[in-house]
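1. Build the 3D model from these lines:
(chains A and B)
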Amino acid sequence: EPEVTQTPSHQVTQMGQEVILRCVPISNHLYFYWYRQILGQKVEFLVSFYNNEISEKSEIFDDQFSVERPDGSNFTLKIRSTKLEDSAMYFCASSERSPWVVPQHFGDGTRLSIL
Amino acid sequence: GENVEQHPSTLSVQEGDSAVIKCTYSDSASNYFPWYKQELGKGPQLIIDIRSNVGEKKDQRIAVTLNKTAKHFSLHITETQPEDSAVYFCAASSPAGGSYIPTFGRGTSLIVHP
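-> Residues are numbered from 1 along each chain as shown, chains lettered A, B, ... in the order given. Below you'll find the predicted structure:
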């Protein structure tokens, strides 16, 4: 079964540094999402992306965050200047059609640790 | 905005018993309610969902019920097995304002003892 893949599985970064998290969505999917899960807390929506632009974003997704689909397969989340509170699991998801009422397929996440 | 409460936070059962996880939501416009299972080190995986035009949906040992009047929905797992052990999240989506951003509950850690 096709999967969403995320790399790296664990990223350790110094506070203030830039970090890029990478995702390869399922190949025929058109909608892409990033979520965040702080340890022991609920999953939180960050951003959705369709047709090479952001379609929705949450309050968490401030100017320090950006997303990009640099080629036909990768979908990236960049945090420009990381803060301690950015430490979390970051999940990428994709869906075949628009947008929320069809199953979203999640990757296994990247654990981001900010020191 | 939407607020989803989920109970219990931890649920421990013996293999073969039933498990019930309950969620309440605040936005009466919410009309899509997915449930996700998250195993250790993995991302959430959709296991069942329900839309507001039905009251109950069943898929083998898993069922979900929805009470729109009371604004609550529940996940029922029958004949639990050790491999059902995981964290389960409920979520609610509302089309209000054209957005379907899902709001998740805090999760229930289900432990099934052999």
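2. Stretch A:6-26 - what's its average pLDDT?
-> Stretch A:6-26 carries an average pLDDT of 96.
3. Would you pull up how far that stretch lies from the middle of the chain?
-> 9 Å (Cα atoms, centre = their mean, to the nearest Å).
4. One more: stretch A:4-14?
-> Its chain's C-alpha centre and that of stretch A:4-14 lie 11 Å apart, by Cα atoms, centre = their mean.
5. again with stretch A:14-33
-> That offset, for stretch A:14-33, works out to 5 Å (Cα atoms, centre = their mean).
6. Using neighbour counts, pick out the buried residues of that stretch.
-> Buried residues in stretch A:14-33, counted by 16 or more other Cβ atoms under 10 Å in any protein chain shown: A:19, A:21-26, A:29, A:31-33. For glycine as for every other residue, the C-beta is placed from the backbone atoms N, C-alpha and C.
7. And for stretch B:7-25?
-> B:11, B:13, B:19-25.
8. Stretch A:46-62 too?
-> A:46-50, A:56-58, A:60-61.
9. Now the residue nearest in space to the middle of chain A: closest residue in space that isn't a chain neighbour?
-> By Cα atoms, centre = their mean, the mean C-alpha position of chain A lies nearest to residue A:34, the distance being 3.1 Å. Spatially, and ignoring its direct neighbours in sequence, residue A:34 is nearest to residue A:46 (4.3 Å; Cβ to Cβ, 6 or more residues apart in numbering or on different chains).
10. How confident was the prediction at that neighbour?
-> pLDDT at residue A:46 comes out at 94.
11. Now flag whichever of the buried residues of stretch B:7-25 is closest to chain A.
-> Taking Cβ to the nearest Cβ as the measure, chain A lies nearest residue B:23 of the buried residues of stretch B:7-25, at 11.5 Å.
12. The closest one reaches residue B:74, doesn't it?
-> Yes: taking Cβ atoms under 8 Å as the definition, residue B:23 is a contact partner of residue B:74 at 7.1 Å.
13. Give me the common contacts of those two.
-> Common neighbours of residue B:23 and residue B:74 (criterion: Cβ atoms under 8 Å, 6 or more residues apart in numbering or on different chains): none identified.
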